[in-house]
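Engineer: what's the 3D shape of this:
(3 chains)
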Amino acid sequence: MRFKMERTAVILVLMSLTCMCSGQRPEFFSVDIYSELKALRSLVGEISARLNATQRELEQERADKRVAFTASMLSTVNRNHGPFDRETNLIFEKVLTNVGNAYNANTGVFTAPVKGLYFFRYSGRAFSGKDMGLSIFKGSSRIVSSYDHQSGDTNDSISNGVALELDVGDVVYMRLWINSWIFVDSRYNYCTFSGFLVFPIG
Amino acid sequence: MRFKMERTAVILVLMSLTCMCSGQRPEFFSVDIYSELKALRSLVGEISARLNATQRELEQERADKRVAFTASMLSTVNRNHGPFDRETNLIFEKVLTNVGNAYNANTGVFTAPVKGLYFFRYSGRAFSGKDMGLSIFKGSSRIVSSYDHQSGDTNDSISNGVALELDVGDVVYMRLWINSWIFVDSRYNYCTFSGFLVFPIG
Amino acid sequence: MRFKMERTAVILVLMSLTCMCSGQRPEFFSVDIYSELKALRSLVGEISARLNATQRELEQERADKRVAFTASMLSTVNRNHGPFDRETNLIFEKVLTNVGNAYNANTGVFTAPVKGLYFFRYSGRAFSGKDMGLSIFKGSSRIVSSYDHQSGDTNDSISNGVALELDVGDVVYMRLWINSWIFVDSRYNYCTFSGFLVFPIG
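Structural biologist: So this is what the prediction gives:
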């Protein structure tokens, strides 16, 4: 798009010198080139600033969007975790994925790094006909749940999911119901908790 | 990026005045500054228009992407919903999330606001050994399903999910099979239907 | 944003001709208009190139993001697939969605077309009290699994999901465990495998 010019000197004075020297005003229209140039420079400066802002926004959006985790419960031996005499936070201590480090494997708590719409899901496995109740919590609110009653069936799997709008700092985690069990193993990752940012808001 | 100039007057005429006044043509190359300035102005105008278009596209994309919902079935008492003598639309009347308002809690129907790739999932819970059959429909087409036969097991949970390409106005909803039941409660949100836009198309 | 000018001729020489002709140097500040114009042109060229690059990036991102599939297992009659004397890749041969063609319905293998964070999920249905074990693999690594032991329960459904960071060319697929079964039908799509790109990386 750049102009290519071989000639490097400038002549703008094309009026008759005879005319000039005689003191007579030439019959040309007048344009203030310098003012025009200044205005154009100012406009180019504004466009450059707008483009910089757009590029920064895009970089920020790309960085903000990078939030996703999956964690699993871990045990060196196959065992039923529970029962407890009150509803208890579940800590999925085996991190499979944690882009953005918003999930804390020590506490089991996901903390939203940006305002946005997130999707969460879990799978849980019951074993040996034990009761299993699981819920996703946002702060102190129970959001979605699954329950499997002890029964003649040796195994059962449950899962649920939810799209949640979160503010920066909102926490999401899972709880095992009172007097219930979840089956934990060392190797298969039956019981998982996942989440990711679907889109930032605001 | 702006030019800083302290001096505000312009002198382009640096040629020898002696020379001018003698009527002799000076030996300078000539460039038509005004034409160059006009061309540059036009180019800056085009760049500005392109940047405006890009910024509008990005705003539109951000707005378009904001589609996500989760809804749950609601009952003031724990009960089995069904059976019906024909396959029946399920209305998840308790909205947990509905960014973009594409899900209608009165009808249970999601209507795509933009052409794009959407992801949907559901969880259903059966109780008291009842049959439970669930399907996601796109328009009049059954897409994915789950079925749990009545059995010795008191509870069962089923879920499925699907990535679907939708045109503007395409509808997605869920149906309970003929002669089957779904367990509905007031508080735990066992039975949920979720969806979100993964990416717009075109 | 374009300048509108009615007058088309240029006069920059506003200095006193008397003064000029007398050989006396006029008292104006000087600015090299041509050099300024060249610098501005160069700046506009850079801005245009930056905008081109941003627009190409956005186009590339839009194209890159378009990866999503759901496939189902298919049979002309209802049947239990399995058992096999070793863990066996599952081929979900009925494609419901395959934007970006990253899922191969002949092999059951998804191959990441771009580096990014992907989400995968599956649902499986067991029938007639058969054992069913399913795992998602990334390359040769087992990632997440579900297992349902044969039992008094006629039917069972299992599902799991995972967010996975993949490099270009990484493969993801599912396996049926040794000596287990998965129920396959012609019409309901009980057993599905889905995945989509959540965000590209790098």
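Engineer: neighbouring strands of the helix or strand in which residue A:165 is found in the sheet, and parallel or not?
Structural biologist: Element membership for residue A:165, per DSSP states H and E: strand A:155-166. According to DSSP bridges, strand A:155-166 forms sheet pairs with strand A:116-127 (antiparallel).
Engineer: what residues sit buried inside the partner strand?
Structural biologist: For strand A:116-127, a neighbour-count test (16 or more other C-beta atoms under 10 Å in any protein chain shown) marks A:116-127 as buried. C-beta coordinates here come from the backbone N, C-alpha and C atoms, glycine included.
Engineer: how about the helix or strand just after the strand holding residue A:165, does it reach chain C?
Structural biologist: Per DSSP H and E, strand A:155-166 leads on to strand A:171-176 as the next helix or strand towards the C-terminus. No: contact of strand A:171-176 with chain C (C-beta under 8 Å from any C-beta of the partner chain) is absent, the minimum separation being 14.2 Å.
Engineer: for residue A:84, see how far away residue A:93 is.
Structural biologist: 17 Å (C-beta to C-beta, to the nearest Å).
Engineer: residue A:61 too?
Structural biologist: Where residue A:84 is concerned, residue A:61 sits at a distance of 42 Å (C-beta to C-beta).
Engineer: follow-up on the earlier one: how big is the angle separating the strand holding residue A:165 from strand A:171-176?
Structural biologist: 160 degrees (axes from the mean of the first three to the mean of the last three C-alpha atoms, to 10 degrees).
Engineer: pop the domain breakdown of chain A in here.
Structural biologist: A:2-63, A:67-200 (automatic domain parsing).
Engineer: is it true that residue A:161 touches residue B:192?
Structural biologist: Yes: with contact defined as C-beta atoms under 8 Å, residue A:161 reaches residue B:192; the gap is 7.0 Å.
Engineer: between those two, what contacts are shared?
Structural biologist: A:144, B:70, B:123 (C-beta atoms under 8 Å, 6 or more residues apart in numbering or on different chains).
Engineer: ok, the first one - contacts?
Structural biologist: Counting by C-beta under 8 Å, 6+ apart, residue A:144 makes contact with A:135-136, A:160-162, B:70, B:72, B:96, B:123, B:188-190, B:192.
Engineer: name the member of those with the most neighbours.
Structural biologist: Highest neighbour count within the contacts of residue A:144, by other C-beta atoms under 10 Å in any protein chain shown: residue A:160, with 31 neighbours.
Engineer: what's opposite that residue in the beta bridge?
Structural biologist: Going by DSSP bridges, residue A:160 forms beta bridges with residue A:122.
Engineer: list the residues that contact it.
Structural biologist: Contacts of residue A:160 (C-beta under 8 Å, 6+ apart): A:121-122, A:134, A:136, A:144-146, B:123, B:157, B:159, B:189-190, B:192.
Engineer: just how off-centre is stretch A:84-95 within its chain?
Structural biologist: The chain centroid and the centroid of stretch A:84-95 are separated by 26 Å under C-alpha atoms, centre = their mean, to the nearest Å.
Engineer: what residues does it touch?
Structural biologist: A:69-74, A:81-82, A:103, A:105-109, A:134-135, A:173-179, A:182, A:189, A:191-193.
Engineer: circling back: give me the lowest-pLDDT entry from the buried residues of strand A:116-127.
Structural biologist: Within the set of the buried residues of strand A:116-127, pLDDT is lowest for residue A:127 (79).
Engineer: quick check, that residue in contact with residue A:79.
Structural biologist: No: counting by C-beta under 8 Å, residue A:127 sits too far from residue A:79 to count as a contact (9.1 Å).
Engineer: now do the shared contacts for those two.
Structural biologist: residue A:183.
Engineer: the closest residue to residue A:65 other than its chain neighbours: neighbouring residues, count only.
Structural biologist: Ranked by C-beta to C-beta, 6 or more residues apart in numbering or on different chains and with sequence neighbours excluded, the top spatial neighbour of residue A:65 is residue C:199, at 4.8 Å. Using other C-beta under 10 Å, residue C:199 has 20 neighbouring residues.
Engineer: for the helix or strand hosting residue A:183, give me every contacting residue.
Structural biologist: Secondary structure from DSSP H and E places residue A:183 in strand A:182-184. Here strand A:182-184 makes contact (C-beta under 8 Å, 6+ apart) with A:73-75, A:78-82, A:90, A:124-127, A:130, A:132, A:134, A:176, A:190-191.
Engineer: can you give me the buried ones in that strand?
Structural biologist: A:182-184.
Engineer: redo those residues as TSV? Include pLDDT.
Structural biologist: As requested, these are exported to TSV (pLDDT from 0 to 100):
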residue	pLDDT
A:182	94
A:183	93
A:184	94
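Engineer: if we only consider those residues, which is nearest to chain B?
Structural biologist: residue A:182 (13.7 Å; C-beta to the nearest C-beta).
Engineer: confidence score at the residue nearest to the spatial centre of chain A?
Structural biologist: The centroid of chain A falls nearest to residue A:65 when counting by C-alpha atoms, centre = their mean (2.5 Å). pLDDT, residue A:65: 95.
Engineer: need the phi and psi values for it.
Structural biologist: As for residue A:65, its main-chain torsions (degrees, to the nearest 10) stand at phi -70, psi -20.
Engineer: just residue A:199 next, same as before
Structural biologist: According to degrees, to the nearest 10, residue A:199 has phi -160, psi 140.
Engineer: which residues touch it?
Structural biologist: Contacts of residue A:199 by C-beta under 8 Å, 6+ apart are A:65, A:116-117, B:62, B:65-66, B:68.
Engineer: would you list those in a markdown table and tack on distance to residue A:49?
Structural biologist: Shown next, in a markdown table, are the contacts of residue A:199 (distance: C-beta to C-beta, whole Å):
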| residue | distance to residue A:49 |
| --- | --- |
| A:65 | 25 |
| A:116 | 27 |
| A:117 | 31 |
| B:62 | 21 |
| B:65 | 26 |
| B:66 | 28 |
| B:68 | 34 |
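Engineer: from those residues, which is closest to residue A:53?
Structural biologist: residue B:62 (14.7 Å; C-beta to C-beta).
Engineer: what segments of chain A are helices?
Structural biologist: A:17-21, A:33-65 (DSSP state H).
Engineer: pLDDT weak spots in chain A?
Structural biologist: Along chain A, segments meeting pLDDT under 70 span A:1-29, A:128-129, A:151-154.
Engineer: distance of residue A:79 from residue A:192?
Structural biologist: Relative to residue A:192, and taking C-beta to C-beta, residue A:79 is found at 17 Å.
Engineer: same check, this time on residue A:143
Structural biologist: 17 Å.
Engineer: again, but for residue A:125
Structural biologist: Applying C-beta to C-beta to residue A:125 and residue A:192 gives a distance of 10 Å.
Engineer: closest one of the contacts of residue A:160 to residue C:38?
Structural biologist: Using C-beta to C-beta, those come closest to residue C:38 at residue A:121, 59.7 Å.
Engineer: residues in contact with the closest residue in space to the closest one that isn't next to it in sequence?
Structural biologist: Excluding the flanking residues, the one nearest residue A:121 by C-beta to C-beta, 6+ apart is residue A:161, at 3.6 Å. Neighbouring residues of residue A:161 by C-beta under 8 Å, 6+ apart: A:119-122, A:144, B:70, B:121, B:123, B:159, B:192, B:194, C:161.
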